[in-house]
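Peer 1: My questions concern the predicted model and sequence given below.
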Amino acid sequence: MSDETKHKSGSPWRNFYGRIHGKTLNKAQKVYLAEDLPRVSPGPVSWEENPERIKLDMEKRFHGKPVWLEVGFGGGEHLVHMAQLYPDVEIIGCEPYVNGVAMCLSRMRREGGVDNIAIHAGDVRDLFDVLPDASIEKAFLNYPDPWPKARHHRRRFVTPEHLGPLHRVLKAGSEFRVATDIPDYVRQTMEEVPKAGFEWLGAHPEDWDTPPHDWLSTRYEKKALREGRTPHYMSFRRI
């Protein structure tokens, strides 16, 4: 890779198209980001902290517990719900949108006792760089950015750029769940995820209509239902 394709930090030049900042954070949210975010970090992920891309010490950081991953947790409703439902599991949430991270930290404070969540407030590709092979036991992708225009479909998560690293960090037999209300995202998911080394766990398209038994309907899903869009749920096994 040439110098022209790298940042000064040494990181590769990766185009990022999603939102990072939204409306101005309130005082409390700024406090949560300053005080809580460093405490719940999964470890040295950023290129500034870890320019050699040394893999995270999962045993030391997560005390030998199973580790799950949620990609793009939005405001953290599902992330906190799963952490509360499975207290013996550690869950890494990855979200580049600062306002969403602040909402999740606020939710964790409000709920109290949620100490099995780690948060990477950045690009999941940077996290994939430092996760060891076969270190994640379950992964979630809930209502990802749909990028509806055809020319933007390559920006979706369900592309080889993301699915290849996800396959590497998941243990064999691990479950990968996808939820979306966009029919074309269902199409691309069903085409690309199996090609990346995953087996669909459903038997019929009707299975897309049934949420997992431990599913929490998020604000985004409720909005989709109000606006007449149908949620779809797909579960895969990492081969």
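Peer 2: Arrived safely, thanks for sending.
Peer 1: CA atoms for contacts and neighbours, from now on please.
Peer 2: Fine.
Peer 1: how much space between the spatially most central residue of the chain and S217?
Peer 2: For the chain, the residue nearest the mean C-alpha position is V71 (0.6 Å; CA atoms, centre = their mean). Distance check for V71 against S217: by CA to CA, to the nearest Å, it reads 16 Å.
Peer 1: H213 looks like it's in a strand, true?
Peer 2: No. According to DSSP: H, G, I helix; E, B strand; the rest coil, H213 belongs to no strand; its state is coil.
Peer 1: how close does it get to M234?
Peer 2: 13 Å.
Peer 1: Can you pull the poorly scored residue ranges out of the chain?
Peer 2: 1-23 (pLDDT under 70).
Peer 1: Listing partners with orientation, what would you give for the lengthiest strand in it?
Peer 2: In terms of residue count, the longest strand belonging to the chain (DSSP state E) is strand 170-180. Strand 170-180 sits in its sheet next to strand 136-142 (parallel), strand 232-238 (antiparallel), going by DSSP bridges.
Peer 1: Check the offset of the next helix or strand after that strand from the chain's centre.
Peer 2: Sequence-wise, the next helix or strand downstream of strand 170-180 (DSSP states H and E) is helix 183-195. Between the centre of helix 183-195 and the centre of its chain there are 17 Å (CA atoms, centre = their mean, to the nearest Å).
Peer 1: list the buried ones in the helix or strand that helix 183-195 is followed by?
Peer 2: Following helix 183-195 in sequence order, the next helix or strand is strand 198-200 (DSSP H and E). Neighbour-count burial for strand 198-200 flags 198-200 (criterion: 16 or more other CA atoms under 10 Å).
Peer 1: okay if I get the residues you listed as a markdown table plus distance to G173?
Peer 2: As requested, the buried residues of strand 198-200 are exported to a markdown table (distance: CA to CA, whole Å):
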| residue | distance to G173 |
| --- | --- |
| F198 | 9 |
| E199 | 9 |
| W200 | 12 |
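Peer 1: quick one, helices of the protein?
Peer 2: All helices of the chain, identified by DSSP state H, fall at 27-35, 58-62, 77-85, 98-111, 124-130, 160-169, 183-195, 219-226.
Peer 1: Reformat the ones you listed as CSV; add mean neighbour count and distance to P51.
Peer 2: Output for these, formatted as CSV (neighbours: other CA atoms under 10 Å; distance: least, CA to CA, whole Å):
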stretch, mean neighbour count, distance to P51
helix 27-35, 14, 23
helix 58-62, 14, 18
helix 77-85, 19, 29
helix 98-111, 20, 23
helix 124-130, 18, 10
helix 160-169, 18, 19
helix 183-195, 16, 30
helix 219-226, 14, 36
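Peer 1: For P44, which of those helices is the nearest?
Peer 2: Proximity to P44, assessed across those by CA to CA, is greatest for helix 124-130 (8.3 Å).
Peer 1: Please list the outside residues in contact with that closest one.
Peer 2: 45-47, 53-56, 71, 94-95, 120, 162, 165-166, 169 (CA atoms under 8 Å, 6 or more residues apart in numbering).
Peer 1: Apply 10 Å and report the result again.
Peer 2: Counting contacts by CA atoms under 10 Å, 6 or more residues apart in numbering, the residues outside helix 124-130 that touch it are 11-12, 14, 42-47, 50, 52-57, 70-72, 92-96, 120-121, 157, 161-162, 164-166, 168-169.
Peer 1: Give me the distance from that helix to the chain's centre.
Peer 2: 11 Å.
Peer 1: Output that helix as PDB, nothing but the C-alphas.
Peer 2: C-alpha atoms of helix 124-130 as PDB (Å, rounded to 0.1, in the frame of the first residue of the first chain):
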ATOM      1  CA  VAL A 124     -16.100  -1.900  12.700                       C
ATOM      2  CA  ARG A 125     -13.400  -2.600  10.200                       C
ATOM      3  CA  ASP A 126     -10.800  -1.200  12.700                       C
ATOM      4  CA  LEU A 127     -12.200  -3.600  15.300                       C
ATOM      5  CA  PHE A 128     -12.000  -6.500  12.900                       C
ATOM      6  CA  ASP A 129      -8.300  -5.700  12.500                       C
ATOM      7  CA  VAL A 130      -7.500  -6.500  16.100                       C
END
